[in-house]
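Participant: pasted the sequence and its predicted model underneath.
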Amino acid sequence: MKILTVSDTVERRVYSIKAKEYFPDIDLILSCGDLPIYYLEFLVTMFNVPLYYVFGNHHTKPMITAHGEEVKAPGGCINIDNRIVEYHGLLIAGFEGCMRYNNGDRQYTEFQMWYKIQRLKPLFWKNKLFRKHAVDIVITHAPPFGIHDKPDLCHRGFKGFRNLIDKYQPHYFIHGHTHRYSLKDAWKTQYRNTTVINTCGYRVLEI
């Protein structure tokens with residue numbers, strides 16, 4: 001399965017009428033936040049595959065249609081914040097937002113994010129019992145604590161995400177939020193049995 005992952009920045013190569021030529025045979029799109037509505041709607045229309053997303057911390061401006069209607073979420077796309085969905089046998093969970101730093105929308109304290117994760121605990125254990133694996137892919141906006149994060153509060157990762165990885169060992173943990181300003185900044189890190197990927201911009205995964 002080939003998965004296109006996107007986050008944070010609108011990329012010319014992706015937002016192109018030749019996108020399907022540049023990225024052939026895409027089966028699924030995952031978005032990790034801070035992208036405009038029109039961009040996600042373009043992707044789901046162009047590739048004609050499911051698009052699962054979580055919101056980031058920056059306010060997503062509503063889009064006004066030709067009929068003057070206000071659209072606050074991308075049409076044809078599925079918000080999986082605090083949910084687990086299944087696609088062709090893959091179990092995918094999502095968590096929006098980042099660490100609370102100025103009381104803006106979709107910002108969470110460490111405890112609040114821990115609580116969001118706990119709400120999915122029964123589903124994780126149910127999957128582990130009946131499917132032998134709790135979750136395959138986790139998409140978030142913020143990174144896990146100590147992996148691809150930054151020292152400032154806004155870009156600090158959540159310890160709850162590290163605990164999630166330790167306990168449930170997803171194959172992939174995919175996030176955005178922390179932009180890479182240097183080639184020295186890692187975009188992929190292996191942590192125990194989980195591959196952690198910073199998808200700011202875009203990445204293509206084959207799994």
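Facilitator: Here it is on my side, so go on.
Participant: from here on, just use CA atoms for contacts and neighbour counts.
Facilitator: OK.
Participant: for the residue nearest to residue 109 when sequence neighbours are not counted, give me its contacts.
Facilitator: Excluding the flanking residues, the one nearest residue 109 by C-alpha to C-alpha, 6 or more residues apart in numbering is residue 100, at 5.4 Å. Taking C-alpha atoms under 8 Å, 6 or more residues apart in numbering, we find residue 100 in contact with 107, 108, 109, 153, 154.
Participant: separation between the last one and residue 57?
Facilitator: So that's residue 154. From residue 154 across to residue 57, the span is 9 Å (C-alpha to C-alpha, to the nearest Å).
Participant: which secondary element of this protein has the worst mean pLDDT?
Facilitator: Lowest mean confidence among the helices and strands of the chain (mean pLDDT, DSSP states H and E): strand 63-64, at a mean of 64.
Participant: which is the next helix or strand following that one?
Facilitator: strand 70-71 (DSSP states H and E).
Participant: the next helix or strand after that next one pairs with which strands, parallel or anti?
Facilitator: Using DSSP H and E, the helix or strand that follows strand 70-71 in sequence is strand 78-79. Counting by DSSP bridges, the strands paired with strand 78-79 are strand 51-53 (parallel).
Participant: ok, and what's touching the strand it pairs with?
Facilitator: 28-33, 40, 44, 76-81, 94, 139.
Participant: repeat that for 6 Å
Facilitator: Under the contact criterion C-alpha atoms under 6 Å, 6 or more residues apart in numbering, strand 51-53 has outside partners 29, 30, 31, 32, 77, 78, 79.
Participant: buried residues of that strand, list them for me.
Facilitator: 51, 52, 53 (16 or more other C-alpha atoms under 10 Å).
Participant: which among these gets closest to residue 86?
Facilitator: Of all the buried residues of strand 51-53, residue 86 sits closest to residue 52, with 10.7 Å by C-alpha to C-alpha.
Participant: so the closest one bridges to which residues?
Facilitator: Residues in beta-bridge contact with residue 52 (DSSP bridges): residue 30, residue 78.
Participant: state the number of residues packed around residue 192.
Facilitator: Per other C-alpha atoms under 10 Å, the neighbour tally for residue 192 reads 11.
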